[in-house]
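[1] got a predicted structure plus its sequence, pasted below:
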Amino acid sequence: MTDKKIYKPCDLVIYGALGDLSKRKLLISLYRLEKACFIEPDTCIIGIDRHDIGSPEFIETAYNSLQEFLNDDLEDIVWKRFSDRLSYLKIDLTRVDQYQQLNTVIDQKSRIMVNYFAVSPFLFKSICQGLAKSGILTASSRMVMEKPIGHDLKSSKEINDEVASVFSEQQVYRIDHYLGKETVLNLLALRFANSIFTTNWNHNTIDHIQITVAEEVGIEGRWDYFDKTGQLRDMLQNHLLQILTFIAMEPPVNLEAESIHNEKIKVLKALRPITISNVEEKTVRGQYAAGYIKGCAVPGYLEEDGANTESTTESFVALRVDIDNWRWAGVPFYLRTGKRLTGKRTEIVVYFKQLPHNIFKDSFRELPPNKLIIHLQPNEGVEIEMLNKIPGIDEHIKLKKTKLDLSFSDTFKTSRIFGGYEKLILEAMRGNPTLFLSREEIEQAWTWIDSIQNAWTHNKDTPKPYPAGTWGPVASVALLARDGRDWEE
Ligand code: BG6
């Protein structure tokens, strides 16, 4: 038996199987896992939704979704294998009495029940109650859920409490799809498998760190959801803070879930609070105005379909974050994320400290610092920017900024880079919780984010406009300029 098939077969039940998440991400990822032979032959996929259709129509819907979102050819043999696993049950998710029907399709004796909640959190309560009432859950059952897990600490606690009334913490798999991305996982390898980084990863050698998660897309028909959420809650509370914890955590004793969760929680606890008194100096909020993306005119946030023209929700946020512990004392982390920026780019840039003395003054008045640039997406890779001597026999040594460039696509030509959802769905089926979030982590992150959100509300802060297709409001440049630094462009 290969490493691919060491987990037990599952009954993967998708609640909200006809919804957007299921059609755009879950079914696509499952098909790709099927193609790569990562799904156990006896695993079944059961779609649940309120629409009155049968399995054949669900299979047809899945086929159409794959045609639309796969970006790859649908292979007949793979599709046959995949579609044979699919079935559908009509359940009104708000009707607790209807979950009994699951007993007709779930095989607890030979398969593990994995419940994927691909629905809005307001339905979690009735799904949990319905499952409890049906008596179908066992100690081996799991549940998978993803953001938004609340919109603040209070609502997040309510959701977690509802889920905890039926599933133990060990049975709950909370997804942040960034943790399934190859390059985010590679942070563990980079940091804890390479001595050059392990010994230099602290305030003695690092000047500051930048994390950018820039998106080209706008709101894409999600105005209603997004306007109640904003970029701070939609992206920073989860994806950026997760990347931050991977960069900043202490070495875990092993790769077990508990060891990693504990180290991440310590980082979250050490984040210096941003409050009413310092929010203006540490944060920048922005909202895109009309502009150009790749030469095409695009509307501003307030002109999007369904927009409330008075909205003060931010589509951009930049922060200076300080981590109050021994390793990071005095090393600021600058985080920025926004919609309708110049391009899609997720990267981490680690700026090392400048050398104390320059012996190459004749050719370089000021030696630029070394930089480690980790490209998370697109064009995954790692670069180190360093100075080298230009070959030649001139009187003075001449230096040039050069790059050690490790591109994943060139270096790992034969390995496919799997998407975040593929990795995480597989891990949930395997029963490995390492890459999922613990309740404490989520609640700690909300505590820190709530303080920023409350400070903005208290100060009646309004977002600064920026033209679509730029790097955000000029105030974001000023945020770093005040500290004598600038963003990596
Ligand atoms: C989601 C956010 O979690 O992540 C979206 O809700 C965002 O607003 C998306 O566009 C970005 O994910 P990725 O994988 O494309 O960087």
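    Alright, I've got the coordinates. Residues are numbered from 1 along each chain as shown.

[2] name the helix or strand for the nearest residue to Y351 once chain neighbours are set aside, please.
    Take Y351 and drop its neighbours on the chain: the residue closest to it by Cβ to Cβ, 6 or more residues apart in numbering is D207, 4.6 Å away. Just so you know, the C-beta spots here come from the backbone N, C-alpha and C atoms, and that holds for glycine as well. Secondary structure from DSSP states H and E places D207 in strand 206-214.

[3] which SSE is immediately downstream of that strand?
    Past strand 206-214, the next helix or strand by DSSP H and E is helix 223-231.

[4] the host helix or strand of K157: which residues count as buried?
    If you go by DSSP H and E, K157 is part of helix 153-164. Across helix 153-164, burial judged by 16 or more other Cβ atoms under 10 Å covers 153, 156-157, 159-160, 162-163.

[5] what count of nearby residues applies to G54?
    11 (other Cβ atoms under 10 Å).

[6] before we move on, what about the one 5 residues further on?
    Close neighbours of I59, defined as other Cβ under 10 Å, add up to 20.

[7] ok, now the one 10 residues further on?
    Applying other Cβ under 10 Å, we find 14 other residues in the vicinity of F69.

[8] got the buried residues for the helix or strand that the helix holding K157 is followed by?
    Toward the C-terminal end, the helix or strand that comes next after helix 153-164 (DSSP H and E) is strand 172-175. Residues 172-175 are the ones in strand 172-175 that count as buried (16+ other Cβ under 10 Å).

[9] then stretch 106-118?
    Result for stretch 106-118 [16+ other Cβ under 10 Å]: buried residues 106, 111-118.

[10] give me the contacts around that stretch.
    Stretch 106-118 is contacted from outside by 8-17, 19, 21-22, 26, 42-44, 46, 123-124, 127, 131, 136-138, 140-145, 425, 428-429, 431, using Cβ atoms under 8 Å, 6 or more residues apart in numbering.

[11] please repeat the previous calculation with a cut-off of 6 Å.
    Contacts of stretch 106-118 with the rest of the structure, by Cβ atoms under 6 Å, 6 or more residues apart in numbering, involve 8-16, 19, 21-22, 136, 138, 140-145, 428-429.

[12] from those residues, which would you call buried?
    9-16, 21-22, 136, 141-145, 428-429.

[13] please, where are all the strands along the stretch 301-450 of the chain?
    Secondary structure of the stretch 301-450 of the chain (DSSP state E, counting those that start in this stretch): strands at 316-321, 333-338, 345-352, 371-377, 381-389, 399-407.

[14] could you redo the ones you listed as CSV and give each row mean neighbour count, distance to N200 and mean pLDDT?
    As requested, the strands of the stretch 301-450 of the chain are exported to CSV (neighbours: other Cβ atoms under 10 Å; distance: least, Cβ to Cβ, whole Å; pLDDT from 0 to 100):
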stretch, mean neighbour count, distance to N200, mean pLDDT
strand 316-321, 25, 20, 98
strand 333-338, 24, 17, 98
strand 345-352, 21, 7, 96
strand 371-377, 20, 9, 93
strand 381-389, 16, 12, 93
strand 399-407, 13, 15, 89
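
[15] looking at the ones you listed, which is closest to D450?
    Closest to D450 of those, according to Cβ to Cβ: strand 316-321, at 14.3 Å.

[16] give me the subset of the buried ones among the contacts of stretch 106-118 that lies in helices.
    Assigned to helices by DSSP state H, the following of the buried ones among the contacts of stretch 106-118 qualify: 21, 428-429.

[17] what's the closest of those residues to K460?
    L21 (34.6 Å).

[18] contact partners for that closest one?
    By Cβ under 6 Å, 6+ apart, the neighbours of L21 are A118.

[19] please state the backbone phi and psi of I46?
    phi -120, psi 120 (degrees, to the nearest 10).

[20] tell me where the stretch 351-489 of the chain has helices.
    All helices of the stretch 351-489 of the chain, identified by DSSP state H, counting those that start in this stretch, fall at 408-411, 420-430, 439-458, 474-481.

[21] what's the angle between the last one and strand 206-214?
    In other words, helix 474-481. Computed by axes from the mean of the first three to the mean of the last three Cα atoms, to 10 degrees, the angle separating helix 474-481 from strand 206-214 equals 160 degrees.
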